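Engineer: below is the sequence, then the predicted model.
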Amino acid sequence: MDWDAFIDAVKDDAGTLAKPALKKAIQGAATDLDAFVQAQGAKVKDCLRQLAEGRITREQFHDYIEDIRDLAQEQLDAQAIAAAAGARRLITDVCRVLLDKLVTLI
């Protein structure tokens, strides 16, 4: 049994699986985060304008900003959950590759 060849084959297959999965996860997170930041930035700008024009009180402004902070935390939590799910899929795929390669050796 050539363990070096076995390990190289598993490493090559795992790398082939991991590269697109990681690329997709990073691009998706960046796109989602960019859209979220732009939307929240527009909300903050609107709140600041309303405060400056006297249409809302400082307390209302504070409450709006707290709501935006809560939304940001929810967004981060959602991205963490999605990343964990992606990591689980990748681990499952790598384990499948490992088992397939082991079965071939037997």
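Structural biologist: The structure has been received and is ready for your questions.
Engineer: got the contact list for stretch 27-45?
Structural biologist: Here stretch 27-45 makes contact (CB atoms under 8 Å, 6 or more residues apart in numbering) with Tyr64, Ile65, Ile68, Leu71, Ala72, Gln75, Gln79, Ala82, Ala83. In this view, the C-beta of every residue, glycine as well, is placed from N, C-alpha and C.
Engineer: can you select the buried ones among those for me in ChimeraX?
Structural biologist: Listed next is the ChimeraX selection for buried residues among the contacts of stretch 27-45, using 16 or more other CB atoms under 10 Å:
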select :64,68,75,79
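Engineer: out of the contacts of stretch 27-45, name the ones that lie in helices.
Structural biologist: Tyr64, Ile65, Ile68, Leu71, Ala72, Gln75, Gln79, Ala82, Ala83 (DSSP state H).
Engineer: can you pull the contacts of the last one?
Structural biologist: Read that as Ala83. Counting by CB under 8 Å, 6+ apart, Ala83 touches Ala25, Ala29.
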